[in-house]
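# sequence plus the predicted model coming up.
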Amino acid sequence: MKPSRFTYHAPTDLDEVLDLLAKYGDEAKVLAGGQSLIPMLNFRLLAPAHLIDINRVSELRNYLLDDSGLNVGALVRHRELETSPEVELAYPILHEGLTNIAHVQIRNRGTVCGSLAHADSAAELPSIMVALDASMNVRSQSSQRSVRAEEFFRFHLTSDLDSSELLVSVDIPALGTGTVGVFDEITRRKGDFALVGAAVLGTWDSGGKIQDCRIVCSGVAPTPLRLREAEQFVSGTDLSDDVLVGVQQLVMESLEPTEDIHTSAEYRKKVTGVIVRRGLARLTDQRRAIHV
Amino acid sequence: MTRTSDIGVMDKTRNIGIAMTRREDERLLTGGGRFLDDLPFGDFYEAAILRSNYPHARILAVNTDAAKRLNGVIAVFTANELGPILKDLPPKVVHPKLNYQVRLAIAKEYVRYIGEPIAVVVAENRYIAEDALELIEVDYEPLGSVGSTAEALKVGAPLVHVGSETNVAVHIIQQAGDPEAALKTAPHVLSETFEVTRGGGHSIEGRAVAARFDEVTRQLIVWDNTQAPHYVRQMLATIYEVGEDEIRLIAPADIGGGFGPKAQFYGEEVLIPWIAMEIKHAVKWIEDRWENFVSATMERSQTHRVEVGFDEDGHLLVLKDVFEHDQGAYCVGLQVPTITMSTLPGPYVIPNIHSELIACYTNIVPTSSLRGAGRPQAVVAMERMMDRIAEHLGIEASEVRRRNLIQPDQFPYAVGLTFRDGSPLTYDSGNYPELLDGVLSRIDLKAFRGEQAAARKTGKFLGLGLAMFVEGTGIGPYEGARVRLTNRGRVLVSLAASPQGQGYETVYAQVAADALGCDIGLVEVRHGDTSFIPYGQGTFASRITATVGPAVWEASGELRADIISVAASLLKTDVGGLDLRGDAVEVVGDPEKRVTLADIASIANVGRHGMSVPRDLPVAIERTSYFKPTQAVYSSGISAVIVSVDVETGKIEIIRSILGHDCGNVLNPLLVEGQILGGHAHGIGNAIYEEAKYSRDGQPQAVSYLDYALPTAMEVPTPELFHVISPSPLNPLGVKGSGEGGTIPLPASVANAVEDALRPFGARICELPLTPQRVLAAVYGLPKLES
Ligand SMILES: Cc1cc2nc3c(=O)[nH]c(=O)nc-3n(C[C@H](O)[C@H](O)[C@H](O)COP(=O)(O)OP(=O)(O)OC[C@H]3O[C@@H](n4cnc5c(N)ncnc54)[C@H](O)[C@@H]3O)c2cc1C
């Protein structure tokens, strides 16, 4: 469990990073928190010839929260966002998701953007970003683009980034009045990746109906999975018990989840329905809390 | 953590029985521990091992040319270059009926499990060595393989050992009474099949071996973080065909956990020292985590088919258990399944017993002892059936147990079977009703049943599970201690066995100080080096307290007598009037008249060169004692857990966990508690989390902690502990082993609790661990899921 030989680069500004990526492309890997990359190197699942450590690039270090939303730079650690009271207040769903990632030691190092670039289908943040309709700010030496979360995750461990691109930051739009969201998951152990997870978001209107519901699951498909049928089923309702039972049934019947060493498709099918129902039920609790 | 134990204290002693903090802790907690890879070896090459990618294959060719050419590679060895050491690594425990198959240090013609060594690369460092592994080309001819006993026993199954007639390693039956007749006449008979899966030891430090041939003394020095240094030295001496004194084996003072796998003997232990001699340069090999997953021995996988016969009141009449045991690709020893066979009856009076073992070869890394060593499986078979009897008759599971317990006045109690040490299974002492009462005094059964019924109405499912066990510990053949008065007037206790966190430096200082009657600060304990004491067996099977303990006690008592004799001669008085106080021997009632231990050492040990001493003056104050137990001593215990099961997700929450334990007299309550807490965590892992999954053909599926759910502090509740003390009559300290008792009952008690919680669903829990998936399948009554 020792990595194979690589050349280590420690650039100090963004241009330098992009130059190195342009130069080495396929042969290189970006090193952020290292919590996913280093194990893969040690197992020799990856053997890049060049490692580009971005930890000294100060312009990637910050997050900014304002009226328009939250911008999270490539070096912002999970723990940093998790412990920010402003972020917790503005995006309770994000806070909840962050606390479900691994353990404190790992959250101290792992980065939000690293998790998104890594694109693990059982991770918390990708589903949450899809639910929040976040955008990825992607740059290379010669280009700059913004990719909506829904288009960003291509397959398990595969994002839309090409080998010369860096995920510079992620933009999360501000939540409107009455918008509430929760994240819940079932794991084997505390801190594990999700056997099944669900980010559930919606907006209570003044008539007591939930609108624009988004239900995005982790761990059930090669990418974060939006349950559009279920979203339509609940949007515009009051999330009464009947609706909740109905949506659970719908998910259990329609979902065709993946199966892996961690659990069976049958299990995921049943339990996704349960956590979606439970998540939606919590939206009602949250409605009371915000007095809509 | 709350301290809830109430451990008794032995009388009239000053150190034994006291919860002394460990002497080892300061260095361990401040980062000063030195594990094998931390030792300042200096210029040692590092080895990496190429391991089989196939569960079963014939090796047609191994090409190491490119690897040898890589810059920084010193040498590459395959079986071709290692002819002189291609000898059988014999199993620890055998049986005349064993279908014996040779195990080699390195594969020659066949590989029989993924992880089996094929080649060793020695390089300037491990990085280069691993680069070189990628350059070795192995030409395999894949062969059919089996990844479970079920597969291995199928008609026409591929044979693990080509040329053998069967995959059955051994088929043994033990009986007491007339079980067949009793099954025919028993008023009630219940049967069930239970499966317990594989799991590993997962010591935080993997295995490690370093070796250097010392040209000056012409001695081979081997550093090995083994649990059994003398055993390894003896094996090496046999394989290398040298005298035992030509090898010095050192187990470092700090070893990061053992749990059984490090008490076995492995190919790497033969390869590394030999290679160091071949290349005339020191070499070390440090097992990494992946290697630990695929090459360190594991345990647990067994399938039990149990039948119990009982009367209207739930009295046991007969027990029949036929079980398959997964031996892995080779037989490293039959200790585990033979322990299972005799652990089955537990604390109960069972007039008729049939215990039948079918051990199988499979294409998986071999199995051997692992904390619990065959007992958790036996306890699952027995204790799950006790609950089924209770369910069948509609009485409390605790009551069924009570009606069948061996009573305190029935000891010594002969069960009628034979234990793993070859002696009759005869329990020396115990108080099983007190263990059960200990639990029932902590759980208000009536109140719990009320709470359970009320909770069910709100969709919450609570369950209570019990499990009791009796555990053979302290086995032979012997273990020793050498006690010496040093020139500084201190006492040095040298042990053969090496600890892996058990606190020997502390507890054997307590025993020695009390036997000597001296200040404990004068006693120092060292261990794990074959140059300290000539013979030993090692740390395994919860045997050290009951073997080393008495040896230290006896040797220290004899040393005291010698010290007093020297003092009597010097003070010209009678031994009767002398006592050892602090660091000196004094005339009782006249403390002015005294002689210090340093002076005694100076006269009796250092001596005056060439001068005679008085006839009555003992010289060379040093005593060695080997304690040889006549049979095992039997610890016992009980686990009670209360769980809450989420029937929609299959998640289990442990609300309470109570452990009652009896290991006879307790030398150091803190250490015993530590053992039980650690064992409990291990038991929780086996019950709910840990699963070393393999495909049908033997491909390991979980080779990192991403996939293998080793529990962490977040998963393990703090148990409430209590102690019952039934001293053993079979050794002078009245002690029994305590290293495994925390683990043994948990898989059974947790499964019982979950089944109790799910009784409204009629759920059947027959497979461990209780993953959310299995629990949900039980709730919905789904057919058994393929893993
Ligand atoms: C024991 C353990 C448990 C864990 N449990 C969880 C869990 O429950 N949920 C979870 O979501 N995660 C979990 N993780 C992973 C953790 O969250 C990682 O930190 C995260 O997935 C990756 O972030 P990182 O900063 O460490 O990225 P790195 O490991 O440095 O990089 C990961 C990958 O992303 C690429 N990359 C990183 N940053 C960028 C960027 N800005 N632009 C382009 N590419 C980039 C790297 O090249 C690499 O391929 C766990 C990790 C460990 C060790």
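Yep, that arrived.
# just to check, A:A10 is in contact with A:D53?
Yes - A:A10 is within contact range of A:D53, at 4.9 Å (criterion: C-beta atoms under 8 Å). C-betas here are computed from N, CA, C, even on glycine.
# between those two, which one's more packed in?
A:D53 (16 against 13; other C-beta atoms under 10 Å in any protein chain shown).
# tell me the bridge partners for the more buried one.
A:L31 (DSSP bridges).
# which residues does it contact?
Going by C-beta atoms under 8 Å, 6 or more residues apart in numbering or on different chains, A:D53 touches A:Y8, A:H9, A:A10, A:P11, A:L31.
# assign the one residue sitting closest to the centre of chain A to helix, strand or coil.
In chain A, the residue lying closest to the centroid (C-alpha atoms, centre = their mean) is A:L125, at 1.7 Å. Here A:L125 is helix, with the state taken from DSSP: H, G, I helix; E, B strand; the rest coil.
# contacts only, for it.
Per C-beta under 8 Å, 6+ apart, neighbours of A:L125: A:G97, A:L98, A:I101, A:V112, A:S115, A:L116.
# likewise for B:D599?
Applying C-beta under 8 Å, 6+ apart, we find B:D599 in contact with B:G489, B:L570.
# what is the burial count for A:L195?
Neighbour tally, A:L195, other C-beta under 10 Å: 29.
# neighbouring contacts of stretch B:77-95?
Outside stretch B:77-95, the residues that touch it by C-beta under 8 Å, 6+ apart are B:62, B:64, B:98, B:100, B:102-108, B:118-120, B:122, B:170, B:172, B:235, B:239-240, B:264-267, B:270-271, B:274-275, B:278, B:331-335, B:338, B:368, B:420.
# nearest spatial neighbour of the residue of the stretch 401-550 of chain B found nearest chain A, skipping sequence neighbours?
For the stretch 401-550 of chain B and chain A, the shortest gap (C-beta to the nearest C-beta) falls at B:G459, measuring 12.2 Å. Counting by C-beta to C-beta, 6 or more residues apart in numbering or on different chains, B:G459 lies nearest to B:V647, which is 7.8 Å off, once chain neighbours are set aside.
# wait, doesn't that neighbour sit right on B:F761?
Yes - the criterion here is C-beta under 8 Å, and B:V647 meets it with B:F761 at 7.2 Å.
# so which of these two has more stuff around it?
Comparing B:V647 with B:F761 by other C-beta under 10 Å, the one with more neighbours is B:V647, at 20 against 15.
# and that one, that's in a strand?
No - according to three-state DSSP, B:V647 belongs to no strand; its state is coil.
# from A:C217, how far out is the residue nearest to the centre of chain A?
Per C-beta to C-beta, to the nearest Å, A:L125 is found 13 Å from A:C217.
# ok, now B:Y504?
For B:Y504, the distance to A:C217 - C-beta to C-beta - is 52 Å.
# ditto for B:P499
According to C-beta to C-beta, B:P499 and A:C217 sit 49 Å apart.
# okay, now A:Q232: neighbour count?
By other C-beta under 10 Å, 11 other residues sit near A:Q232.
# now swap in the one 5 residues further on and tell me
Applying the criterion other C-beta under 10 Å, we find 18 residues in the vicinity of A:T237.
# what does the one 5 residues further on give?
Taking other C-beta under 10 Å as the neighbour definition, A:D242 ends up with a count of 10.
# tell me the SS of it?
Once three-state DSSP is applied, A:D242 turns out helix.
# buried set for stretch B:771-785?
B:T771, B:P772, B:Q773, B:R774, B:V775, B:L776, B:A777, B:A778, B:V779 (16 or more other C-beta atoms under 10 Å in any protein chain shown).
# of the residues you listed, closest to the ligand?
B:P772 (15.9 Å; C-beta to the nearest ligand atom).
# and the pLDDT for the nearest residue to that closest one once chain neighbours are set aside?
Using C-beta to C-beta, 6+ apart and skipping the chain neighbours, the partner closest in space to B:P772 is B:G650 (3.4 Å). On pLDDT, B:G650 comes in at 97.
# nearest residue to B:G664 other than its sequence neighbours?
B:K736 (4.1 Å).
# residues contacting the residue of the stretch 151-292 of chain A found nearest the ligand?
Across the stretch 151-292 of chain A, the shortest distance to the ligand (C-beta to the nearest ligand atom) belongs to A:L167, at 3.6 Å. Residues in contact with A:L167 (C-beta under 8 Å, 6+ apart) are A:A74, A:C113, A:L116, A:A117, A:M136, A:N137, A:V138, A:S159, A:L161.
# list the contacts for the closest residue to the ligand within the stretch 51-200 of chain B?
Residue of the stretch 51-200 of chain B nearest the ligand, by C-beta to the nearest ligand atom: B:G200 (17.8 Å). Going by C-beta under 8 Å, 6+ apart, B:G200 touches B:P261, B:N292, B:F293, B:A296, B:M298, B:E299, B:L370, B:E690, B:A692, B:Y708.
# could you report the pLDDT at the residue nearest to the second one when sequence neighbours are not counted?
Spatial nearest neighbour of B:N292, chain neighbours left out: B:G206 (4.4 Å); criterion: C-beta to C-beta, 6+ apart. The model reports B:G206 with a pLDDT of 98.
# could you do the one 3 residues further on as well?
In the predicted model, B:V209 carries a pLDDT score of 98.
# count of residues packed around the nearest residue to A:T99 once chain neighbours are set aside?
Nearest non-adjacent residue to A:T99, counting by C-beta to C-beta, 6+ apart: A:E82, 6.0 Å away. Using other C-beta under 10 Å, the number of residues around A:E82 comes to 20.
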